[in-house]
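Trainee: model this:
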Amino acid sequence: MAPVPVTDDYYAILEVDSAPVLRYHIPSLTSKSSNKTKPPSKTQPETSIPKSNQEDISDSAAIAAIRKVKIEREVKWRPTAKRYEDIIFEQKREVTRLKKDIKDLDDIKIRELAEQVAANSWSAWIFSSLHKKPVESEEEKERKSNERLDRLHSKNVKEKVLESKMTQLRQWGKGLKDGQDVLAIAHEIEDGKILFYENRIRARRDRELEEKRREVERVRDGALKKEREKRDKEEAECLTKYHAARKLREEQEAAAEKLREDAARVRRMQEESTARFYEQQRRHQTPPVGGSSRYSRRKPERGSCIHNGWWPKVEAESSWDRLECEECGATYGYLLRCPSCRIKACVTCQQTLRPVRQGQRRTRPGYGNNQTRGSKGHTYDHYEEWSD
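Mentor: Predicted coordinates:
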């Protein structure tokens, strides 16, 4: 039986070119700069959609079209592959049946040879005298001979048919494999195109992400630079203000120290002048005869003392103690002491005891304890101030 020729055109079924597919032009394999896009044409009209988005849309559409072609090719190839597989299945079943028939014929021949060997053996010859075997007739011998010839002829025919079926099975198997190879190569080409477009889209997106990252870093560096410059400026201004405030504080402290020194010098000069004045008066006057009581002792001193000069402040030993005025008997937290007669009096009594010069007036008694506030919160007593 002649083998059935395979006349299917796989390239026509799969709709691919019959040229060598391995030399098919794939941009991602033949171009060294596959990730670089061509410069835009000057005549290309401007649109509101960015160029990168347009290229991504175009590449995505190309990928979708290629995948659609792959699906359609598989759909067209599936019936042909199914027909090949069915034929190969039937051929294999026929081959299996023929092999089984040939094996059965060989088993019959082997069994006959075994019977013939057993009949010609020594054991059969020895027992033949005891059990004599019936002699076969000519018809029986002719029948067995014909059966052997039929089996031999049937075996030869089946072997030829088996060889033809095996040849057809190999041809159908080769045809199926060739079709699958063509389909696989076509898919590989399409996959290369898809990979090219995907790499281009990925490279474009990576480039955009890199540009965005650089822009973010540039903005962040600018903000950090401005913040650093602002901080340096503020630190410089704070340092300048600190030096200015320190210089002003030193000047104020120096001025306050000078005022304290001047006030102390004036007070010492006044005390010395008053002491000399009363010392001269005491030398030229007769000392009064004092009584037994405190007031009798004070009256001669008060009559001879004019209570002029600087009256220093006398404070109590603690904040809870009170001092008694020797004139009015009232108690205060502090009193004033006459530099000459050493009498201790309150502010009001001190203003009463001090003489009033012509053309001058007293300070208001009891007004603010007659204190002047200097720089740095220091207070200075001015109980001897007179205004013209």
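Trainee: Where does residue 113 sit, in terms of helix or strand?
Mentor: Residue 113 belongs to helix 51-119 when assigned by DSSP states H and E.
Trainee: Run through this protein and note the low-pLDDT ranges.
Mentor: 1-52, 118-136, 284-304, 355-388 (pLDDT under 70).
Trainee: Where is the longest helix in it?
Mentor: Identified as the longest helix of the chain according to DSSP state H is helix 138-284.
Trainee: Number of residues surrounding residue 77?
Mentor: When neighbours are counted by other CB atoms under 10 Å, residue 77 registers 19. Placement of C-beta: from N, CA and C, glycine included.
Trainee: I should have written residue 309 there, sorry.
Mentor: Look at residue 309: counted by other CB under 10 Å, it has 22 neighbours.
Trainee: Would you agree it is in contact with residue 339?
Mentor: Yes - applying CB atoms under 8 Å, one finds residue 309 in contact with residue 339, separated by 4.6 Å.
Trainee: shared neighbours of those two, anything?
Mentor: 271, 274 (CB atoms under 8 Å, 6 or more residues apart in numbering).
Trainee: What is the longest helix of the chain packed up against?
Mentor: Applying 3 or more CB pairs under 8 Å, 6 or more residues apart in numbering; DSSP states H and E, one finds that helix 138-284 contacts helix 10-14, helix 27-30, helix 51-119.
Trainee: at 10 Å instead, please
Mentor: Judged by 3 or more CB pairs under 10 Å, 6 or more residues apart in numbering; DSSP states H and E, the packing partners of helix 138-284 are helix 10-14, helix 27-30, helix 51-119, helix 294-304, strand 379-381.
Trainee: so of those, which one's packed in deepest?
Mentor: Greatest average neighbour count among these goes to helix 10-14 (a mean of 17), per mean count of other CB atoms under 10 Å.
Trainee: before we move on, the earlier item: the longest helix of the chain vs helix 51-119, what angle?
Mentor: Interaxial angle of helix 138-284 relative to helix 51-119 (axes from the mean of the first three to the mean of the last three CA atoms, to 10 degrees): 150 degrees.
Trainee: Let me know which of the helices and strands packed on helix 138-284 is the nearest to residue 264.
Mentor: Ranking those by proximity to residue 264 (CB to CB) places strand 379-381 first, at 10.1 Å.
Trainee: And for residue 182, the neighbour number?
Mentor: Using other CB under 10 Å, residue 182 is surrounded by 19 other residues.
Trainee: measure it to residue 78 for me?
Mentor: Using CB to CB, to the nearest Å, one gets 14 Å for the distance from residue 182 to residue 78.
Trainee: what do you get for residue 337?
Mentor: Using CB to CB, residue 337 is found at 128 Å from residue 78.
Trainee: which SS state does the nearest residue to residue 344 once chain neighbours are set aside fall under?
Mentor: Using CB to CB, 6 or more residues apart in numbering and skipping the chain neighbours, the partner closest in space to residue 344 is residue 335 (4.4 Å). At residue 335 the chain is in strand, as set by DSSP: H, G, I helix; E, B strand; the rest coil.
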